[in-house]
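Enquirer: Structure for this input, please:
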Amino acid sequence: MLRAAVASRIFQQLYGPLAPSYDFISSFFFAGEWAVWQRSALQYIKGTDLLEVGYGTGELLLEMCRRGCRPYGIEPSHRMRSVALRKLRRSGCKPILLPGTSSQIPLSDASVDSIVSTFPSAYILDEATWREAWRVLRPAGRYVVVLGGRLRPWNFRSRLLDRFHAVLYGSAGRPTPTEGLAFPGFALTFPVSETERGTTYLLVGTKQPEYHPDGPP
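Expert: I've put the predicted structure just below:
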């Protein structure tokens with residue numbers, strides 16, 4: 001409980017007063033692999049109309065633009081939104097940034113091909129999030145979630161950081177329990193992306209068009 005409270009407090013600060021330093025802190029404390037783990041989500045997207053829920057400082061939105069996608073974004077932290085806006089204006093990337101939350105997305109039914117969330121908070125386990133995702137995704141659309149990542153011990157710094165992460169987050173391994181996880185209307189898979197410097201754990205939910213949230217049609 002104490003460990004979870006400490007980790008929660010750290011992330012509250014990162015999404016609050018420390019938001020302008022978020023990119024530096026995440027890169028330093030994860031040996032530059034944080035952005036690699038974020039981008040791993042794009043291996044599993046479908047289509048080009050994409051929604052990022054919790055876009056943070058906008059790094060993944062920039063990558064979506066570079067790849068010719070049409071991104072939308074929702075971010076509840078006003079400090080993160082401010083950081084992202086400055087970055088996006090400098091880059092020329094023009095995603096559509098929307099108000100809203102994971103359970104209240106201001107998009108019409110079946111309007112995006114894929115949704116992405118990286119390193120999400122507890123909202124990702126809320127069925128309301130997945131009901132809303134099912135609504136705005138097109139048939140067979142995907143919700144791609146980066147659950148977390150782990151450094152490989154490829155040098156002294158990475159070994160030291162891996163031990164630090166184990167102390168902060170608990171036992172090494174998949175950072176979010178997935179056994180028995182299920183959400184109505186989605187077929188779930190849990191791919192693992194491996195690189196020379198780290199391992200990324202993901203969740204990919206594929207919309208099942210035959211499902212009807214209000215029962216049979």
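
Enquirer: tell me the centre residue of this protein?
Expert: Central residue of the chain (Cα atoms, centre = their mean): residue 118, 1.4 Å from the mean position.

Enquirer: I'd assumed residue 34 was in contact with that one.
Expert: No. Applying Cβ atoms under 8 Å, one finds residue 118 not in contact with residue 34, separated by 9.1 Å. Using the backbone N, CA and C atoms, a C-beta is placed for each residue, glycine as well.

Enquirer: quick one: common contacting residues for those two?
Expert: Applying Cβ atoms under 8 Å, 6 or more residues apart in numbering, one finds that no residue jointly contacts residue 118 and residue 34.

Enquirer: how far away is the nearest residue to residue 118 once chain neighbours are set aside from residue 46?
Expert: Closest residue in space to residue 118, ignoring its immediate chain neighbours: residue 146 at 4.1 Å, by Cβ to Cβ, 6 or more residues apart in numbering. According to Cβ to Cβ, to the nearest Å, residue 146 and residue 46 sit 16 Å apart.

Enquirer: so residue 114 touches residue 43, yeah?
Expert: No. Using Cβ under 8 Å as the test, residue 114 is too far from residue 43 to be in contact (11.4 Å).

Enquirer: neighbour-wise, which of these two wins?
Expert: Legend: neighbour count by other Cβ atoms under 10 Å for residue 114 and residue 43, higher for residue 114 (27 against 12).

Enquirer: That one belongs to a helix?
Expert: No. Assigned with DSSP: H, G, I helix; E, B strand; the rest coil, residue 114 falls outside any helix and is strand.

Enquirer: Report the contact partners of it.
Expert: So residue 114 contacts 45-47, 49-51, 137, 141-144 (Cβ under 8 Å, 6+ apart).

Enquirer: same question, residue 208
Expert: Counting by Cβ under 8 Å, 6+ apart, residue 208 has contacts 185-187.

Enquirer: And the pLDDT for it?
Expert: The score at residue 208 is 96. That number is its pLDDT.

Enquirer: next one: residue 61
Expert: 97.

Enquirer: what about the residue lying closest to residue 65 once chain neighbours are set aside, helix or strand, and which?
Expert: Setting aside the residues directly before and after it, residue 65 is nearest to residue 93 in space (Cβ to Cβ, 6+ apart), at 3.8 Å. Assigned by DSSP states H and E, residue 93 falls within no helix or strand.

Enquirer: What of residue 133?
Expert: If you go by DSSP H and E, residue 133 is part of helix 127-136.

Enquirer: Is it possible to get a markdown table of the contacts of residue 114 that adds neighbour count, distance to residue 84 and pLDDT?
Expert: Shown next, in a markdown table, are the contacts of residue 114 (neighbours: other Cβ atoms under 10 Å; distance: Cβ to Cβ, whole Å; pLDDT from 0 to 100):
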| residue | neighbour count | distance to residue 84 | pLDDT |
| --- | --- | --- | --- |
| 45 | 20 | 20 | 97 |
| 46 | 18 | 24 | 96 |
| 47 | 15 | 23 | 97 |
| 49 | 17 | 19 | 98 |
| 50 | 27 | 15 | 98 |
| 51 | 27 | 15 | 98 |
| 137 | 29 | 23 | 98 |
| 141 | 26 | 24 | 98 |
| 142 | 26 | 23 | 98 |
| 143 | 27 | 21 | 98 |
| 144 | 24 | 19 | 98 |
